[in-house]
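1. pasting the structure only:
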């Protein structure tokens, strides 16, 4: 993210978390009315759109803050609804599926952190990023690639995975493949 006004950095960091927290009643309400699959996929697609919005914000503080609010709200849906889904599986006593899903999510998050961290380091190295200095045009492009393009692609991949992993039927029929 490019925040030219350093006095707004704290607000930028808090506004995403705050909007995520304030969206909890909306998540609870929609989870009772819509399929979990659609809400999870929609959350990932919304997160992709919000990242593109922040990337296109340029030096507009208002556009950047709006993108961050959208990011906070949309990323709250997938993370919270996976726990709702696990609870539904527990209610149906499908313990084996719960264990498999929980293990897969844990393994996936660890692999993602390792690959993502390595990819970020590689991009920063290739773009000649130097910490705590004014960045060159090439380094700015590397930073934008990491925070906008790669993040958007990863959220689109997560949306595709969620779309393929959950059945589209009624909430009570949602199952992991």
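-> Looks like it came in fine. Because the structure is a prediction, the values reported are computed rather than measured.

2. which parts of stretch 53-63 are buried?
-> 53-55, 57 (16 or more other CB atoms under 10 Å). Heads up, the C-betas are built off the backbone N, CA and C, glycines and all.

3. Closest one to residue 21 out of the residues you listed, please.
-> When the buried residues of stretch 53-63 are compared for distance to residue 21 (CB to CB), residue 54 wins out at 19.3 Å.

4. Could you check how far the closest one is from residue 156?
-> Per CB to CB, to the nearest Å, residue 54 is found 16 Å from residue 156.

5. now swap in residue 148 and tell me
-> Per CB to CB, residue 148 is found 13 Å from residue 156.

6. Could you list which of the buried residues of stretch 53-63 belong to helices?
-> Per DSSP state H, helices hold the following members of those: 53-55.

7. Make TSV from the residues you listed and add distance to residue 123 and pLDDT to it.
-> Shown next, in TSV, are these (distance: CB to CB, whole Å; pLDDT from 0 to 100):
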residue	distance to residue 123	pLDDT
53	21	88
54	18	85
55	15	84
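
8. and those residues as JSON lines, adding distance to residue 15?
-> Formatted as JSON lines, these follow (distance: CB to CB, whole Å):
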{"residue": "53", "distance to residue 15": "14"}
{"residue": "54", "distance to residue 15": "12"}
{"residue": "55", "distance to residue 15": "17"}
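
9. sorry, back to before: out of the buried residues of stretch 53-63, who's nearest residue 106?
-> Taking CB to CB as the measure, residue 106 lies nearest residue 54 of the buried residues of stretch 53-63, at 28.7 Å.

10. List the contacts of that closest one.
-> 1, 63-64, 67-68, 71, 147-148 (CB atoms under 8 Å, 6 or more residues apart in numbering).
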